[in-house]
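Colleague: 3D model of this:
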Amino acid sequence: MHMEIMEALRTRRSIRKFEDRPVPGEMIRDILDAAMMAPSAGNAQPWQFVVVDDRAVLDRVANIHPYVKMVLQAPLGILVCGDLSKEKYPGYWVQDCAAAMENLLLAAHGLGLGGVWTGIYPMEDRVAAFRKLLKLPEHVVPLGFAPLGWPAQAPRSESRYLEERIHHNTY
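Modeller: A predicted model of the protein is given here:
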């Protein structure tokens, strides 16, 4: 199932409840391919991804992040990380990896899956916990973790457009 980009943007919601069934490897590859299509400063592509589908590891993730309990139901999660050794312009990895995360979530939605972005960086305790659990090298910084799976909920979408947040030429 594929959807038009505007429909995908308007209907993607954070999914925190999942069905108990696996996600095919080909879909995971497609999601990661979409993530890596994100724009990045100087086209540096300073990202690394850790796909977590081991149930024991997913369960441990629930204990190291206060807002990721939905991972206990999810068949997998993807950790989006910035690789500081790949940066051309120091500090822009956060924007680059945020764009990759959004692409990842939109691709998952477009394939009929659901996911939710749980933030890690800049919370140092979360960064340290994910670094230790997933054995990340020092130059790799976890930005966010996305539990993914087949949605077991269908949150409503409403426009978030606010005219008062738009400014033309000056604030």
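
Colleague: make it CA atoms for all contacts and neighbour counts henceforth
Modeller: Noted.

Colleague: P22: neighbour count?
Modeller: The number of residues packed near P22 is 13, by other CA atoms under 10 Å.

Colleague: can you give me the buried ones in the lengthiest helix in the chain?
Modeller: When the chain is parsed with DSSP state H, its longest helix is helix 93-110. Across helix 93-110, burial judged by 16 or more other CA atoms under 10 Å covers 93-94, 96-110.

Colleague: please apply the same query to stretch 46-53.
Modeller: Across stretch 46-53, burial judged by 16+ other CA under 10 Å covers 46-49, 51-53.

Colleague: next one: the lowest-mean-pLDDT helix or strand in the chain to chain centre, how far?
Modeller: None of the helices or strands of the chain scores lower by mean pLDDT, DSSP states H and E than helix 5-11, at a mean of 91. Chain-centre distance of helix 5-11: 17 Å, with CA atoms, centre = their mean, to the nearest Å.

Colleague: tell me how far the nearest residue to A62 once chain neighbours are set aside lies from L136.
Modeller: Leaving aside its sequence neighbours, A62 sits nearest to K69 (CA to CA, 6 or more residues apart in numbering; 5.0 Å). Separation of K69 from L136 (CA to CA, to the nearest Å) stands at 22 Å.

Colleague: G119 now?
Modeller: In terms of CA to CA, G119 sits 17 Å off from L136.

Colleague: who's in contact with stretch 152-167?
Modeller: Stretch 152-167 is contacted by residues 10-19 when judged by CA atoms under 8 Å, 6 or more residues apart in numbering.

Colleague: meant to ask about stretch 101-119
Modeller: Outside stretch 101-119, the residues that touch it by CA under 8 Å, 6+ apart are 1-3, 8-9, 12-16, 18, 27, 30-32, 34-35, 37-38, 67-68, 80, 143-151.

Colleague: equivalent analysis for stretch 4-15, please.
Modeller: 105-106, 109-110, 114-117, 151, 153-159.
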